[in-house]
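Q: heads up, no residue letters with this:
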Ligand code: HEM
């Protein structure tokens, strides 16, 4: 009897593992079976299903791109992905056929648990996305940008000043994360809520940066098994609890700012032009509920903070190991701008080397190696490949940005490659020749980053002024890693410290010429 039970158990275990093996090896067969009417198969790729990809997923994708080419596919659990690693394919699919390639998968962690189906970045392609993007674009329009030009200039001033003060006027080493985070946060708070923080110690900064990092840790496009094995969605996990907690923290933090703003508005007090003013004014006509407004403004702020502060952190991390390039940029700044004032937005196109440094930064240290995954809404056949409806589409920026033909010596930080590039990133993203485009850091097609022009301006003001104001030195025995990073969705450098000293006497005069003040808007 016992023998029978044991044998039955063994049979069940063997059957279970055989089924599991068959499931994980099924792509071998599926790659032949899944075809369109003409018999085109899905793009080539690995013969097994994966459950998730580890940290630094871009390295695995890069290896596969070398093996399978500019368009390959991979199964993650039940989800088919296609990966674009070739500029022509990127343009053909994401831009030319944007009507089919511009949706978003309803990721379990990101879209369902944390965003609860709201916010622009997670919305499927359709009327709600169009409506939210149109409303957000009002806050980012050239007119709105001009309205905010003086305050953005001022925020860059306050960042330089706080770095100077934090380093005790260049005497002690420092970690710049809080200051750069505050810069990006203030710009986003002003655009979204018409407010700013007035000191590095404001608790809102730590809170907002913590929420941002948590979002980037929980929403990696490859990292959550639960996104690809639906059955696991019924099992509670610690990670899911973190997701729920993040949702409530976001609603608490940004909802209370929203409430304060609305109270003022209802009381007839003067309120500044900003995203939530637009949303509240149009709440009824656009049929927006409270949670829509809250999540729209929260995620808008969060995305803009993480990416911009991350890029500035990468810039600062890069400078100590490139004193020759800093000297070249500083020679250009001294020659064109002089030492009696610092660079402004108007100087940008007269400083080609500094501009080239920023473009090279965006290429080599793009904050999102996988952009934000797109999703197909129809079956599509492309050059002998079949891409079914409901496929996740990844723009593989890591491989695109390290293509040795397009960017010789791709791992070297070499601004010279952009010296002749006179276009803004926005203009470059509209070029008809995808090989002429500067890079893909802001994504592509209809979902391209709507904050691109704000980000360009923020980066210009800070990077040019950092170079104008300071010299940068690593601390002995504290190497700054340019390879490792934090975050599974967006990436920021590992925490580091450095010495940052004013370049000449006149720097302090300019820095001291303004103080941190509450917003008067
Ligand atoms: C250096 C800074 C930035 C980088 C590198 C960046 C990059 C990106 C990327 C790669 C995407 C996905 C594009 C795609 O799906 O093809 C994106 C989307 C988005 N970005 Fe940015 N971004 C930056 C700054 C900003 C700023 C400052 C804002 C707000 C003012 C912003 C708001 C958004 C929004 C709302 C989306 C979602 C768009 C949609 O799904 O339709 N970003 N960004």
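A: Nice, thanks for sending it over. Keep in mind that this is a model prediction, so the values were computed, not measured.
Q: spell out which parts of the stretch 51-200 of the chain neighbour the ligand.
A: 120-121, 133, 136, 140 (Cβ under 6 Å from any ligand atom). Heads up, the C-betas are built off the backbone N, CA and C, glycines and all.
Q: farthest pair in those?
A: The most widely separated members of those, counting by Cβ to Cβ, are 121 and 140 (14.2 Å).
Q: in the stretch 51-200 of the chain, which residue sits nearest the ligand?
A: Closest to the ligand within the stretch 51-200 of the chain is residue 121: 3.9 Å, counting by Cβ to the nearest ligand atom.
Q: verify the stated contact: that residue with residue 303.
A: Yes. Counting by Cβ atoms under 8 Å, residue 121 touches residue 303, with 6.4 Å between them.
Q: what about these two, which has more around it?
A: Taking other Cβ atoms under 10 Å, residue 121 and residue 303 do not tie; residue 303 has more neighbours (24 against 21).
Q: mind checking the SS state of that one?
A: With DSSP: H, G, I helix; E, B strand; the rest coil as the basis, residue 303 sits in helix.
Q: would you map the strands across this structure?
A: Under the criterion DSSP state E, strands of the chain are mapped to 49-50, 71-76, 79-84, 374-375, 380-382, 385-387, 392-395, 470-474, 485-486, 492-493, 498-502.
Q: output the below-cut-off pLDDT ranges for the chain.
A: 1-3, 518-521 (pLDDT under 70).
Q: and it, which residues reach the ligand?
A: Counting by Cβ under 6 Å from any ligand atom, the chain comes close to the ligand at 120-121, 133, 136, 140, 300, 303-304, 307-308, 311, 367-368, 371-372, 374, 441-444, 447-451, 454-455.
Q: now for residue 57, how many residues are close by?
A: Neighbour tally, residue 57, other Cβ under 10 Å: 19.
Q: so it makes contact with residue 370?
A: Yes. With contact defined as Cβ under 8 Å, residue 57 counts as touching residue 370 (7.4 Å).
Q: quick one: common contacting residues for these two?
A: Both residue 57 and residue 370 are contacted by 221-222, under the criterion Cβ atoms under 8 Å, 6 or more residues apart in numbering.
Q: what sits up against stretch 46-55?
A: Here stretch 46-55 has contacts from 23-28, 31, 60-61, 64, 68, 74-77, 222-225, 228-229, 488, using Cβ under 8 Å, 6+ apart.
Q: could I get the buried residue list for stretch 378-386?
A: Using 16 or more other Cβ atoms under 10 Å as the test for burial, stretch 378-386 gives 380, 385-386.
Q: how close does residue 194 sit to residue 249?
A: Distance of residue 194 to residue 249, computed by Cβ to Cβ, to the nearest Å: 22 Å.
Q: quick one, which of the two is more surrounded?
A: residue 194 (19 against 16).
Q: that one against residue 271, yeah?
A: Yes. In this structure, residue 194 is within contact of residue 271 by Cβ under 8 Å, at 6.4 Å.
Q: mutual contacts of these two, please.
A: 261, 277.
Q: for the residue of the stretch 301-450 of the chain at minimum distance from the ligand, what are its contacts?
A: Sorted by distance to the ligand under Cβ to the nearest ligand atom, the residues of the stretch 301-450 of the chain start with residue 443, at 2.4 Å. Residue 443 sits next to 368, 371-372, 395, 449 when contact means Cβ under 8 Å, 6+ apart.
Q: swap in residue 84?
A: 70-71, 90, 93-94, 393-396.
Q: spatially nearest residue to residue 350, not counting backbone neighbours?
A: Computed as Cβ to Cβ, 6 or more residues apart in numbering, the closest residue to residue 350 that is not its neighbour in sequence is residue 336, at 5.1 Å.
Q: residue 511 contacts residue 161, correct?
A: Yes. Under the criterion of Cβ under 8 Å, residue 511 makes contact with residue 161 at 4.8 Å.
Q: what is in contact with the two at once?
A: Common neighbours of residue 511 and residue 161 (Cβ under 8 Å, 6+ apart) do not exist.
Q: which residue does the stretch 151-300 of the chain have closest to the ligand?
A: residue 300 (5.2 Å).
Q: can you count the residues close to that residue?
A: 25.
Q: gap between it and residue 235?
A: Taken as Cβ to Cβ, the span from residue 300 to residue 235 is 32 Å.
Q: and for residue 29?
A: Distance of residue 29 to residue 235, computed by Cβ to Cβ: 29 Å.
Q: looking at those two, which is more packed in?
A: The neighbour comparison of residue 29 against residue 235 (other Cβ under 10 Å) goes to residue 29, with 11 against 8.
Q: could I get the full set of helices for the stretch 151-300 of the chain?
A: Taking DSSP state H, counting those that start in this stretch, the helices of the stretch 151-300 of the chain run over residues 177-193, 203-218, 225-228, 238-266, 275-281, 290-318.
Q: so which bits of the fourth one are buried?
A: In terms of neighbour count (16+ other Cβ under 10 Å), helix 238-266 has its buried residues at 240, 242-243, 246-247, 249-251, 253-255, 257-258, 261-262.
Q: and which of those is nearest to residue 413?
A: residue 246 (34.2 Å).
Q: what sits against the closest one?
A: So residue 246 contacts 114, 211, 214-215, 218 (Cβ under 8 Å, 6+ apart).
Q: mind putting these into a markdown table with neighbour count?
A: Listed next are these as a markdown table, based on neighbours: other Cβ atoms under 10 Å:
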| residue | neighbour count |
| --- | --- |
| 114 | 26 |
| 211 | 21 |
| 214 | 18 |
| 215 | 24 |
| 218 | 21 |
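Q: quick check, nearest of these to residue 424?
A: Among the contacts of residue 246, and counting by Cβ to Cβ, the member closest to residue 424 is residue 215, at 28.0 Å.
Q: how far away is residue 499 from the ligand?
A: Distance check for residue 499 against the ligand: by Cβ to the nearest ligand atom, to the nearest Å, it reads 26 Å.
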